[in-house]
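> Sequence plus predicted model, see below.
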Amino acid sequence: MKHILNNLTEAEKNAIREQHSGGMKLQNEKFKLMVEKKLGDVKPLVDEQVLQGIKDFVNKGINMVTGKTGNKFFDAVIGAKLGKMQDGNSSNEKLFCMDDSCEESLRVFSNGRVVYELAEFDEKTKGNIVLNSDGSFIIKYDDGTSSKKYMSK
């Protein structure tokens, strides 16, 4: 077949290319009419709400396997392995226990706000997570101090 195309002029080659540009277009109106004539108005098998629910379910499963939550602040602290994560008092917070008894903990909120808690001294220090472009973060506390730089993996 290739040798036949070698003998064509550029104009003939361009004419063939024009016929095949843009891809194929399927006409399904006749099929649709035939099906509707036999079965009535045919609805799609899966509506958009069900499809979105399936996508959300799959994403949640992927996040459970990878340990990601979908929130950049939670995921940064998870990646830095600062402590064992627990659910907080509401859906927009996570508690990271830095020891087995959770005497030292970091409460992280979905907006990046944090509360460092040290139960022994009944101490609570509030601040914000500052994410860096290299994947690291620091915690800037309200009293003007900052934490060390944590790398999130």
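Ah, there it is.

> Tell me if I am right that Ala15 is in a helix.
Yes. Counting by DSSP: H, G, I helix; E, B strand; the rest coil, Ala15 is found in a helix.

> Select the longest strand from this structure.
strand 123-131 (DSSP state E).

> same for that strand, what does it pack against?
For strand 123-131, the packing partners by 3 or more C-beta pairs under 8 Å, 6 or more residues apart in numbering; DSSP states H and E come out as helix 72-80, strand 113-118, strand 136-141. Bear in mind the C-beta positions are built from the backbone N, C-alpha and C, glycine included.

> Please repeat the previous calculation with a cut-off of 10 Å.
Helices and strands touching strand 123-131, by 3 or more C-beta pairs under 10 Å, 6 or more residues apart in numbering; DSSP states H and E, are helix 72-80, strand 104-109, strand 113-118, strand 136-141.

> got the CA positions of it in PDB?
The C-alpha trace of strand 123-131 is given here as PDB (Å, rounded to 0.1, in the frame of the first residue of the first chain):
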ATOM      1  CA  GLU A 123      -0.400  24.600  78.200                       C
ATOM      2  CA  LYS A 124      -2.000  25.500  74.900                       C
ATOM      3  CA  THR A 125      -0.200  27.400  72.200                       C
ATOM      4  CA  LYS A 126      -2.100  28.500  69.100                       C
ATOM      5  CA  GLY A 127      -0.700  29.300  65.700                       C
ATOM      6  CA  ASN A 128      -0.900  28.600  62.000                       C
ATOM      7  CA  ILE A 129       0.700  26.100  59.600                       C
ATOM      8  CA  VAL A 130       2.800  27.900  56.900                       C
ATOM      9  CA  LEU A 131       3.300  25.600  53.800                       C
END
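
> Give me the sheet partners of it and which way each runs.
In the sheet, strand 123-131 lines up against strand 113-118 (antiparallel), strand 136-141 (antiparallel) (DSSP bridges).

> The last one versus helix 72-80: what angle between them?
When axes from the mean of the first three to the mean of the last three C-alpha atoms, to 10 degrees is applied, the directions of strand 136-141 and helix 72-80 differ by 110 degrees.

> what residue ranges in the protein score low on pLDDT?
1-5, 20-26, 42-47, 49-51, 54-70, 153 (pLDDT under 70).
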